[in-house]
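>>> take this sequence and fold it.
(chains A and B)
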Number of protein chains: 2
Amino acid sequence: MSERTRIRRLPEKAASTRADLEAVLDAARVAHVAFVHDGSPVNIPTACARDQDRLLLHGSSGSRMMRELAAGVPVCVTVTLLDGMVLARSAFESSMHYRSAMVFGTATPVAAEEKVAALRAMSEAWLPGRWATLRPPTSRELAATLVLAVPLTEWSVKVSDGPPEDPAEDLDAPVWAGVLPVLTRYGEPVPAPDLRGGPPFPAEAATWSIG
Amino acid sequence: MSERTRIRRLPEKAASTRADLEAVLDAARVAHVAFVHDGSPVNIPTACARDQDRLLLHGSSGSRMMRELAAGVPVCVTVTLLDGMVLARSAFESSMHYRSAMVFGTATPVAAEEKVAALRAMSEAWLPGRWATLRPPTSRELAATLVLAVPLTEWSVKVSDGPPEDPAEDLDAPVWAGVLPVLTRYGEPVPAPDLRGGPPFPAEAATWSIG
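Alright, predicted model coming up:
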């Protein structure tokens, strides 16, 4: 743990194991990537997937942001999942349930010869089994895609998942208290308007999770 | 629109009206606040709520991050809502549905005499009607809470909500294509273990939305 990953606020919510970190990153589909551009903070949302000991991001080779990240500027990549609203007897004690992870480091471009494997790892993290049903990427597509890896070396994780913690003097307040869970799930699939013939919705979707 | 809020990548996904911005911010409960600390980017998730023409954030007066923000460092506050996985016939065309908003500026502390109104606005944005059922904040609680406002003056919004856009040569691939929506909703409320007597789950919850 470095000085900047030591959790100062609500340290009782700090989760500390590698498994905690991986669970949060694996549940996330979107990361917020902060970096400094011309002295000012920029904070870009982008798809993310963990692959072993690194967090993978990808985007267009033509993206100014991706090229700037690939050049090795320091980043702070944060993912957050909202899990519930905590309704205490007072506004002060009310809060939210969440899981969040913060990774500091620099992004390194994945080498050309490893790009297909990295893209497959991202696809498999999100939609296991789908990659094998798709045609391979073309060389043009690979050239148009930049994949970045941020090593999971300097990080922190925070999980808030407890009940409201009202002080004793508030417990008799005539107001409901508890947690309103926020659930994230997949809805009914919407076929593409140009879906021809009858490829059925994939059976492997039974293993796809979200949230 | 400033140079840094001009959307360069996928400009067809740029939403441009104030109503678009407000809709995205109003759906979000968590913002990622990026700022520069000792030359490095820091990216903190925190609860957010729009109040008229400003985005409100709050936290502990004792928080180093809150105090640093209150001092007026530039921030880039980004909110993102994931709405779906876009399953194209190729990995390259596959993507995600999302709504995101980015706000640049500096945070200003809400003055002591306006703090209650700002906290009420946050509560009402999240859980309409609940504030009136809670005891008022104490002076100690107000002193322990810092509320920050980021003006909605420099911002961009991006919405991705279309079907997969496969090229003609991929349309006959024997693979399902379409969108797998990601739905966010409230689950069954979980009463606090120390809930005494019978305050029922609040009727006003029927108006509470999420996602």
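
>>> contacts, neighbours, all on C-alpha from now
OK.

>>> okay, now the unreliable bits of chain A?
Applying pLDDT under 70 to chain A flags the ranges A:1-3, A:6-15.

>>> for it, what spans make up the strands?
Listed in chain order, the strands found in chain A under DSSP state E are A:14-15, A:30-37, A:40-51, A:54-60, A:74-87, A:95-106, A:108-109, A:145-151, A:154-160, A:178-186, A:190-191.

>>> any chance of these in JSON lines, plus mean neighbour count?
Formatted as JSON lines, those follow (neighbours: other C-alpha atoms under 10 Å in any protein chain shown):
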{"stretch": "strand A:14-15", "mean neighbour count": "20"}
{"stretch": "strand A:30-37", "mean neighbour count": "25"}
{"stretch": "strand A:40-51", "mean neighbour count": "23"}
{"stretch": "strand A:54-60", "mean neighbour count": "20"}
{"stretch": "strand A:74-87", "mean neighbour count": "24"}
{"stretch": "strand A:95-106", "mean neighbour count": "22"}
{"stretch": "strand A:108-109", "mean neighbour count": "20"}
{"stretch": "strand A:145-151", "mean neighbour count": "23"}
{"stretch": "strand A:154-160", "mean neighbour count": "22"}
{"stretch": "strand A:178-186", "mean neighbour count": "20"}
{"stretch": "strand A:190-191", "mean neighbour count": "16"}
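
>>> now render the ones you listed as a markdown table, adding distance to chain B.
Conversion of those to a markdown table gives the following (distance: least, C-alpha to the nearest C-alpha, whole Å):
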| stretch | distance to chain B |
| --- | --- |
| strand A:14-15 | 14 |
| strand A:30-37 | 5 |
| strand A:40-51 | 5 |
| strand A:54-60 | 8 |
| strand A:74-87 | 6 |
| strand A:95-106 | 8 |
| strand A:108-109 | 17 |
| strand A:145-151 | 8 |
| strand A:154-160 | 10 |
| strand A:178-186 | 4 |
| strand A:190-191 | 4 |
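
>>> compare these and give me the one nearest B:Val159.
strand A:40-51 (12.0 Å; C-alpha to C-alpha).

>>> follow-up on the earlier one: identify whichever of the strands of chain A lies nearest to B:Met122.
strand A:95-106 (11.6 Å).

>>> for the lengthiest helix in chain A, give me every contacting residue.
Across chain A, the longest stretch assigned as helix under DSSP state H is helix A:112-126. Outside helix A:112-126, the residues that touch it by C-alpha atoms under 8 Å, 6 or more residues apart in numbering or on different chains are A:26, A:29, A:48-51, A:56, A:110, A:130-131, A:137, A:142, A:147, A:208-209, B:91.
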